[in-house]
Each structure stands twice: as structure tokens, then as C-alpha cells.
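Undergrad: Provide a 3D model corresponding to the input given below.
(one chain, ligands or ions: 1)
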Amino acid sequence: MTREKIKHYLIMAGSTSHMLRGDKLLKDRSIVTSLVPAPSEYGTVCATAIKIRVEDREEAESIFKNNSITIEGIYPDKARKLIGLVEKLMDSVISPEFMEILKKIEEGEELDLKDIVILLQTERKAEKEALFHAADRMRREVVGDVVDIRGAIEFSNYCRKDCRYCGIGKNLKDLNRYRMDEDEIMEVVHYLHSIGLKTVILQSGEDLWWTPEKISSLIKRVKGETRMNITLSIGERPREEYELYKKLGANNFLLKIETTNRKLFEFIHPDDDFDHRVKCSTWLRELGYLNGSGNIIGLPGQTTEDIAKDILFFKEMGINMIGIGPFVPAKGTPLEDYPKGSIDMTLKAVAVTRIACKRVFIPATTALASLDPDGQTKALKAGANTIMLINTPAKYRYNYQIYSDKNMVDLKSAFKAVEEAKRKMPPYLKVTKLSI
Ligand code: SAM
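TA: Okay, here's the model as predicted:
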């Protein structure tokens with residue numbers, strides 16, 4: 001057996017602030033670093049490690065020591081192998097080219113752009129099955145069988161932007177605009193807490209009525225009254241605001257890049273700048289949020305290579321949560337007559353993302369559930385490990401139709417998907433299938 005040559009180490013710092021300070025110090029001394037999700041054996045799900053080159057270890061340790069930064073451990077960055085993957089598939093009708101990539105996956109080698117395009121392009125049944133199987137094995141290896149369940153509250157559908165695909169854009173007139181007040185939001189937060197959920201997702205349009213003071217007050221109440229983890233999804237804000245919310249206890253932030261093709265990004269986002277969006281995402285990472293991004297599959301003019309580049313972007317940016325959903329045409333928007341995104345391509349993108357990015361949260365998205373009643377089960381079998389329940393009160397829900405016929409993902413459908421995918425509900429959940 002050949003011994004694997006280690007090229008990188010992963011440093012686990014004593015805390016998030018030590019990790020961020022340490023990373024900055026190393027970069028200031030021209031040591032090449034990247035922040036990556038730590039493998040399960042070295043930390044809790046989605047803890048972040050600093051990746052350095054083997055030759056920089058001694059200097060990095062001494063910089064940390066001189067600046068009182070605690071190191072919890074330094075581990076070799078081992079390749080994540082899927083032993084026996086290819087042998088099992090030998091009888092299937094798989095092209096030699098596709099088989100070569102599966103061998104790379106088996107050996108834990110990194111996939112390049114060309115490999116990813118080939119994986120995404122396949123239309124052969126046996127190859128797709130092999131891809132989903134590899135992703136499912138990787139998912140089991142890196143995050144296990146438990147499906148993380150989170151509750152989302154869409155607390156305002158006011159938006160200052162006019163993204164061409166989105167059903168709550170500012171120019172859409174046939175829409176009752178609403179804002180939940182703090183007490184209404186807290187009522188739902190308490191319900192989510194009572195059923196044992198650990199994370200609440202607070203999502204809205206880009207609504208500046210929600211000033212830093214109002215958002216801060218909400219964060220303080222959620223933390224003070226329930227201690228739940230908070231994921232914010234409120235769009236682009238100044239760095240100081242992101243910093244303020246982090247200090248007050250917000251844990252995660254979801255800001256999808258939607259597409260990394262600049263031209264396409266500009267076409268669908270008349271009010272946004274691609275570089276600024278990337279900058280916001282970089283700030284969130286620097287500030288220590290678990291950083292969420294994602295893309296929309298099947299946007300007009302999007303190519304397979306664009307999707308492959310999105311996946312490499314998630315990997316290079318060290319994104320921790322990656323939402324991949326099909327484009328769903330929304331009534332009244334400039335894109336309403338364009339065809340919907342392909343479920344098949346969305347599932348392939350989920351699978352390749354799991355293989356390329358490994359230890360990340362990948363939700364079975366609501367958009368997928370809206371186009372296919374079995375969409376969530378299929379995503380869970382193709383590498384996904386999270387379900388986001390929609391807990392927006394019934395009287396507001398209809399007006400948060402970011403796309404038409406948005407399916408409501410509730411506890412019942414989550415139980416169904418988890419059972420069908422032969423996975424486990426999280427131990428923290430205080431309700432059972434029979435009690436809901
Ligand atoms: N305003 C926040 C932001 O921009 O990050 C969060 C709200 S936004 C409505 C949430 C997500 O909905 C977007 O990131 C986008 O991916 C998704 N979305 C909106 N319209 C969509 C459509 N027609 N098809 C698929 N996804 C859509």
C-alpha cells in the first residue's frame with residue numbers, strides 16, 4: 001500500500017475569534033492559508049480549520065505562540081477516500097472517461113473544472129446512479145445519517161431590489177406587502193424552540209425598514225429567550241451591520257451568489273454588483289459566520305460550465321451551507337415565461353457539490369420540493385443533509401411567493417422525506433411522526 005504524501009495541515013484554533021485572528025496573522029506574514037470546514041473527527045459539524053502548507057507549520061506555530069493564540073490541534077489534511085467505490089460499479093455501463101473520474105473520487109483526489117462538467121453533463125442512467133451513490137457515501141462519511149432540521153420565518157416581503165427572477169421584487173404590484181412585528185416573530189420562534197429545533201432562519205426581502213436597531217432587538221430577544229442559533233438571510237448590508245449582528249449572537253448568514261457567471265448575474269440582478277456580492281460573502285466569512293451561499297439551476301442562458309464554476313466557487317470560498325435549487329418561474333416577473341430549471345441537473349449539482357465540498361450543509365431546497373413532490377427525498381439521497389421547514393404564519397405565507405406554487409415544507413413532509421431516504425431525524429427533535 002502506498003503511503004499518502006501529506007501536503008497540507010489543518011490547524012484547529014481554541015475558538016472562532018482565535019481562528020480568525022490567527023488566520024489574519026498568518027496571511028499578514030505571507031503564509032498561504034484557507035479556511036475550510038474541519039473534518040468530523042477534528043471538530044463539531046462545520047467547525048472551521050485553517051489550512052496551511054506542510055512547509056509553513058513551524059513558522060505558523062511560532063506566530064500563534066507569540067500572539068497567545070490557542071491551538072487545539074494540528075492534523076494532516078488527509079484525502080477522503082471512498083474505498084471500494086469503483087469495484088462495486090464495474091458491471092455497470094459507465095464510459096471509461098466517467099470511470100476515471102470515479103476513480104479520482106475513490107482516491108480522494110480533488111476534481112477539476114473538466115471533471116465536474118463531465119459529471120454534470122451525463123445523461124446515462126448508470127452514470128447518474130454511480131454519481132448519486134458516490135455523493136451519498138461521501139455524505140455518510142462526512143456528516144452522517146442525521147438530517148438537520150431548521151425552521152424558517154419569512155418575516156417581511158418588502159424588498160428594495162428587483163431581481164428579475166424573484167416573486168417579491170419591488171416592482172411587483174399584485175402583492176400584499178407585509179412585515180411581521182417582533183412579537184409575532186417571537187411567537188413562532190418559541191414554537192420552534194418548543195419542538196426542540198436548534199436553529200431559526202430569519203429571512204426577508206431587502207427591507208431597510210428593518211434597521212440595525214430593530215434587527216439587533218430581535219436577535220437579542222431570540223438569544224435571550226431561547227438561545228437558539230440564528231441564521232440571518234436579509235440580503236446585502238454594510239460590513240458594520242454584519243459585525244454588529246455577529247457580536248449580538250447571530251451564528252449563520254445565508255447570501256446566495258445565485259450564479260458566478262458575471263454577465264448572467266448582471267442580467268438577473270439589475271440593482272446588484274457581482275464583486276460587491278462576493279465582497280459581502282467574504283466579510284461574512286471574515287466575521288466568523290457559518291457562511292451560506294448557493295445558486296439557481298436553469299437560469300436563462302446558464303451553461304453546465306457555469307454550474308461547475310459555481311461549485312468551485314463554493315469550495316474556494318470555504319462556504320459552509322450551500323443551497324442549490326432549480327429556477328422556478330414566478331408570475332409577474334420578467335422571467336415568468338422562461339422554462340423551469342431541470343430537477344435532474346439540480347440533483348446532479350447537489351451530488352457533485354457534496355463530493356467536491358465535502359463537509360458542508362446542503363439543504364434539500366424548497367424550490368426542489370415545489371417542482372417535484374419527491375424532490376426532497378431525491379436530494380437527501382443525492383448528498384443533501386438539511387431540511388428547512390417553512391414556519392411563516394399562514395396569513396402571510398401566500399405573499400412570500402418568491403416563485404409560483406411554492407410548496408410548504410412542514411414537519412409532516414420532512415418526516416416523509418427522511419423516512420423515504422432511510423435517514424434519521426435529529427435527536428434534539430421533541431416531536432414524533434405520530435404526535436404532529
Ligand atoms: N433577500 C435575501 C437575499 O437576497 O439573500 C433573501 C431572500 S431571497 C427571496 C431568497 C432566495 O430565494 C434567493 O437567494 C434565491 O435563490 C431564491 N429565489 C428567489 N426567486 C427564485 C426563483 N424564481 N426560483 C428559484 N429560486 C428563487
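
Undergrad: my read: A49 touches T33, true?
TA: No. Contact criterion CB atoms under 8 Å: A49 and T33 do not qualify, at 10.0 Å. Every residue, glycine included, has its C-beta placed from N, CA and C.

Undergrad: Which of the two has more residues huddled nearby?
TA: The neighbour count for A49 versus T33, taken as other CB atoms under 10 Å, is higher for A49 (27 against 19).

Undergrad: Pretty sure the more buried one sits in a helix.
TA: No. Counting by DSSP: H, G, I helix; E, B strand; the rest coil, A49 falls outside a helix, being strand.

Undergrad: If it is in a bridge, with which residues?
TA: Beta-bridge partners for A49, by DSSP bridges, are V36.

Undergrad: in the stretch 251-400 of the chain, which segments are predicted with low confidence?
TA: Within the stretch 251-400 of the chain, no range satisfies pLDDT under 70.

Undergrad: Run through the helices of it in chain order.
TA: Along the stretch 251-400 of the chain, the stretches classed as helices by DSSP state H, counting those that start in this stretch are 262-268, 274-286, 304-316, 343-357, 366-371, 375-381, 394-397.

Undergrad: Remind me what the fifth one packs against, helices and strands.
TA: The reference is to helix 366-371. Where contact means 3 or more CB pairs under 8 Å, 6 or more residues apart in numbering; DSSP states H and E, helix 366-371 is packed against strand 321-326, helix 343-357, helix 375-381.

Undergrad: report the angle between the axes of the longest one and strand 321-326?
TA: I take that to be helix 343-357. 160 degrees (axes from the mean of the first three to the mean of the last three CA atoms, to 10 degrees).

Undergrad: Please tabulate the helices of the stretch 251-400 of the chain in TSV, including the columns distance to F98 and mean neighbour count.
TA: Compiled in TSV, the helices of the stretch 251-400 of the chain are given as follows (distance: least, CB to CB, whole Å; neighbours: other CB atoms under 10 Å):
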stretch	distance to F98	mean neighbour count
helix 262-268	27	16
helix 274-286	32	17
helix 304-316	15	20
helix 343-357	12	25
helix 366-371	24	24
helix 375-381	20	25
helix 394-397	43	13
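
Undergrad: Which one of those lies nearest to the ligand?
TA: helix 366-371 (4.6 Å; CB to the nearest ligand atom).

Undergrad: where in the stretch 51-200 of the chain is pLDDT low?
TA: For the stretch 51-200 of the chain, no stretch has pLDDT under 70.

Undergrad: which residues of it fall in strands?
TA: Using DSSP state E, counting those that start in this stretch, the strands of the stretch 51-200 of the chain run over residues 71-76, 148-156, 199-204.

Undergrad: any residues touching the first one, and which ones?
TA: Contacts to strand 71-76, defined as CB atoms under 8 Å, 6 or more residues apart in numbering, come from residues 6, 8-14, 39, 42, 49, 57, 61, 64.

Undergrad: right, and the pair among those with maximum separation?
TA: I6 and G14 (23.2 Å; CB to CB).

Undergrad: With secondary structure added, can I get the contacts of strand 71-76 in a markdown table?
TA: A markdown table is the format used below for the contacts of strand 71-76 (three-state DSSP):
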| residue | secondary structure |
| --- | --- |
| I6 | coil |
| H8 | strand |
| Y9 | strand |
| L10 | strand |
| I11 | strand |
| M12 | strand |
| A13 | strand |
| G14 | coil |
| P39 | coil |
| Y42 | helix |
| A49 | strand |
| R57 | helix |
| E61 | helix |
| F64 | helix |
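
Undergrad: Tell me who's in contact with E420.
TA: Taking CB under 8 Å, 6+ apart as the test, what E420 contacts is 374, 377.

Undergrad: Over to it: give its phi and psi.
TA: With angles defined as degrees, to the nearest 10, E420 sits at phi -60, psi -30.

Undergrad: hey, what's the closest residue to A152 other than its chain neighbours bridged with?
TA: The shortest distance from A152 to any non-neighbouring residue, by CB to CB, 6 or more residues apart in numbering, is to I201 (4.0 Å). Note on I201: beta-bridge partners by DSSP bridges are A152, T231.

Undergrad: buried set for stretch 62-70?
TA: 63-64, 69 (16 or more other CB atoms under 10 Å).

Undergrad: From those residues, pick the one nearest the ligand.
TA: Closest to the ligand, out of all of the buried residues of stretch 62-70 and judged by CB to the nearest ligand atom, is I69, at 33.0 Å.

Undergrad: thought the closest one was touching A13?
TA: Yes. Here I69 reaches A13: they are 6.2 Å apart, a contact under CB under 8 Å.

Undergrad: Show me whatever sits in contact with both of those two.
TA: With CB under 8 Å, 6+ apart, I69 and A13 have common neighbours G22.

Undergrad: what's the distance between A414 and V54?
TA: 43 Å (CB to CB, to the nearest Å).

Undergrad: Those two: who's more crowded?
TA: Comparing A414 with V54 by neighbour count (other CB under 10 Å), the higher total belongs to A414, at 21 against 12.

Undergrad: What strand or helix carries that one?
TA: Using DSSP states H and E, A414 maps to helix 411-420.

Undergrad: Helix, strand, or coil at K214?
TA: helix.

Undergrad: Up against the ligand, what does the stretch 51-200 of the chain have?
TA: When proximity is defined by CB under 6 Å from any ligand atom, the stretch 51-200 of the chain lies next to the ligand at 165-166, 168.

Undergrad: so can I have a markdown table of the residues you listed showing distance to L197 and neighbour count?
TA: Output for those, formatted as a markdown table (distance: CB to CB, whole Å; neighbours: other CB atoms under 10 Å):
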| residue | distance to L197 | neighbour count |
| --- | --- | --- |
| Y165 | 29 | 22 |
| C166 | 27 | 22 |
| I168 | 25 | 26 |
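
Undergrad: Now for E213, how many residues are close by?
TA: 9.

Undergrad: Just the helices from the stretch 1-150 of the chain, written as ranges.
TA: Using DSSP H, counting those that start in this stretch, helices in the stretch 1-150 of the chain cover 16-28, 57-66, 85-89, 96-106, 113-121, 125-143.
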